[in-house]
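**Q** Curious how this folds, go ahead:
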Amino acid sequence: AFNELNDAADPDMVDRWEIQEMMAQAAQINDPSTLDVYDVQLHKARSWKEVELDLLQTSFPHPGARPQLGAATWLASGITIKEMQIALAIETRKMGGHPTKTQTLEI
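**A** Numbers count the residues shown, from 1 in each chain. Predicted coordinates for the structure are as follows:
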């Protein structure tokens, strides 16, 4: 994994990382905070629902207007439909080969 990341990274960035590492290692005895360069900063990605809401809200130019159904809206709708299909498939598998009439009606 390291080699793949290293090969994919910009060579200038790799050089900067190596310099930061050497400086941190050299200065860590006198100032342990120099090792903070190893503190990885990860940002949580937005959820599907947040992205979908954003796409749906931006499809209306102003309140009361008709939505502009662009590719993003169609993609969000397609993802929602696929999620519903998966949920339906899971429920039908739970019923087994001989569902009752009530179970069949629920589906």
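**Q** Is the most centrally placed residue in the chain in a helix, a strand, or coil?
**A** Centroid-nearest residue in the chain: residue 45, 4.8 Å away (criterion: CA atoms, centre = their mean). When classified by DSSP: H, G, I helix; E, B strand; the rest coil, residue 45 comes out as coil.
**Q** cool, residue 42 as well?
**A** Going by three-state DSSP: residue 42 is coil.
**Q** which intervals of the chain have sub-threshold pLDDT?
**A** Along the chain, the parts satisfying pLDDT under 70 run over 59-69.
**Q** Longest helix in it, please.
**A** For the chain, the helix with the greatest residue count under DSSP state H is helix 71-95.
**Q** Quick check: buried residues in it?
**A** 72-73, 76 (16 or more other CB atoms under 10 Å). Glycine gets a C-beta too; all of them are placed from N, C-alpha and C.
**Q** I'd like those written out as CSV, with distance to residue 100 added.
**A** Shown next, in CSV, are the buried residues of helix 71-95 (distance: CB to CB, whole Å):
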residue, distance to residue 100
72, 42
73, 39
76, 35
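**Q** Pick out whichever of the residues you listed sits closest to residue 106.
**A** Proximity of the buried residues of helix 71-95 to residue 106 (CB to CB) peaks at residue 76, which lies at 26.9 Å.
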